[in-house]
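> this one's sequence-less:
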């Protein structure tokens, strides 16, 4: 009975998948954390678009703004407002 003849491709895929996760555990964790923070930033932008328009502080709800908030947090919000102010 040859184990690699019957289950070889699946074992190889499993082996390299585990190896990939072991090698790239930290960068994948950082990426997942960035995605979670960006999703929260997108939710904040969606809420802000409803209330910020009345104050004259509207920001676009898009992936760039959400990623900026995900990376920089509150200082990123200030940066987005600065870009908006300089651009007008």
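Great, that's in hand. Small disclaimer: the values here were computed from a predicted structure and weren't measured.
> Tell me where the longest helix sits in the protein.
When the chain is scanned for its longest helix (criterion: DSSP state H), the result is helix 25-55.
> Check which element follows that one along the chain.
Remark: after helix 25-55, the chain's next helix or strand is helix 63-72, criterion DSSP states H and E.
> Mean confidence (pLDDT) on that following helix, please.
Helix 63-72 shows a mean pLDDT of 94.
> any idea of the angle that helix forms with helix 25-55?
Angle between the axes of helix 63-72 and helix 25-55 is 120 degrees (criterion: axes from the mean of the first three to the mean of the last three C-alpha atoms, to 10 degrees).
> List the neighbours of helix 63-72 that are in contact with it.
Where contact means C-beta atoms under 8 Å, 6 or more residues apart in numbering, the residues beyond helix 63-72 that reach it are 34-35, 37-42, 44-45, 59, 76-77, 79-80. Just so you know, the C-beta spots here come from the backbone N, C-alpha and C atoms, and that holds for glycine as well.
> what about 7 Å?
Contacts to helix 63-72, defined as C-beta atoms under 7 Å, 6 or more residues apart in numbering, come from residues 34, 37-38, 41-42, 44-45, 59, 76-77, 79-80.
> Please tell me how far the residue most central in space within the chain sits from residue 28.
Nearest to the geometric centre of the chain sits residue 35, at 2.2 Å (C-alpha atoms, centre = their mean). Look at residue 35 and residue 28: by C-beta to C-beta, to the nearest Å, they are 10 Å apart.
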